[in-house]
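Here is my input, please return the structure:
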Amino acid sequence: MRIGILKCGQSPELLRGELGDYDTMFEKLLSGRGFDFTSYHVENMDFPGDVHDADGWLLTGSRHGVYEDHAFIPPLEDFIRKAYAGHIPMVGICFGHQIIAQALGGKVTKFDGGWAVGPQDYEFGDSQITLNAWHQDQVVERPKGAEIAATNDFCENAALVYDDRAFTIQAHPEFHDHFVEGLIETRAKGVVPDPVLKGARARIGTPLQSGTIADRIENFFKAPRSALRTQGAA
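Next up is the predicted model:
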């Protein structure tokens, strides 16, 4: 099964060589599951020719806000709407979660409650899952047809499912602790408040359920709606 990775940003250059870029992190997360990957750096206007060029699409994180004025955002939203209309499954992570929501009529803002950084606990149906997060923006209004798949007190719309067409997550199952520590060193200074960083550092090392989310992503691509129902995510 061919998965097209729409790379909406890049990891910091100081971390990229040792810890990987966003597309390679997902290739590692989903390795051994029968997927072939092709990456498109849409942030640099490198888009697929057609929504049917892959069997499913994965949209990565980004340092950008989806509501900002960047050249790649309008064509990316058009691509999302075409894939959605064609029932080609999409998975969105962080920025990907947000841009899918915005493209389909939802609302994303810079959250008044501040930042989520490092390990966060989420209620996925009848189970609790811990994943690394790095965001201030949130989906504050869901598009029509989007159902909550995961939530917590800080982030109501922590994961959304759109029937058999999209499964999106605010947190980062592809981020391991070393990468979060690297982000704290390279991107947090003067941006993320010190108390948030202190709390994040205190929780680094908490067991993560990234493999569980990888299972959910795999099953969504292979059997979109039924997979989420059987796993209690929707």
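
Helices of this protein, start to end?
For the chain, applying DSSP state H gives helices covering 13-19, 22-29, 73-85, 95-103, 177-187, 194-203, 210-222, 224-230.

For the chain, which residues score under the pLDDT cut-off?
Along the chain, segments meeting pLDDT under 70 span 224-234.

circling back to that earlier point, nearest to Ser127, of the helices of the chain?
Proximity of the helices of the chain to Ser127 was assessed by Cβ to Cβ; the nearest stretch is helix 210-222, lying at 8.2 Å. Quick note: C-beta positions are derived from backbone N, CA and C, even for glycine.

tell me what the closest one is packed against?
helix 22-29, strand 90-93, strand 127-135, strand 166-169, helix 224-230 (3 or more Cβ pairs under 8 Å, 6 or more residues apart in numbering; DSSP states H and E).

Could you tell me the angle between it and strand 127-135?
Between helix 210-222 and strand 127-135, the angle comes out at 90 degrees (axes from the mean of the first three to the mean of the last three Cα atoms, to 10 degrees).

list the buried ones in helix 210-222?
In terms of neighbour count (16 or more other Cβ atoms under 10 Å), helix 210-222 has its buried residues at 210, 212-214, 216-222.

just to revisit the earlier point, for the helices and strands packed on helix 210-222, which one sits closest to Leu183?
Using Cβ to Cβ, the helices and strands packed on helix 210-222 put strand 127-135 closest to Leu183, at 5.9 Å.

and that closest one, which residues are buried?
Here strand 127-135 shows 129-135 as buried, counting by 16+ other Cβ under 10 Å.

Which residues does the residue nearest in space to the middle of the chain form beta bridges with?
Centroid-nearest residue in the chain: Ile93, 0.6 Å away (criterion: Cα atoms, centre = their mean). Judged by DSSP bridges, the bridge partners of Ile93 are Ile169.
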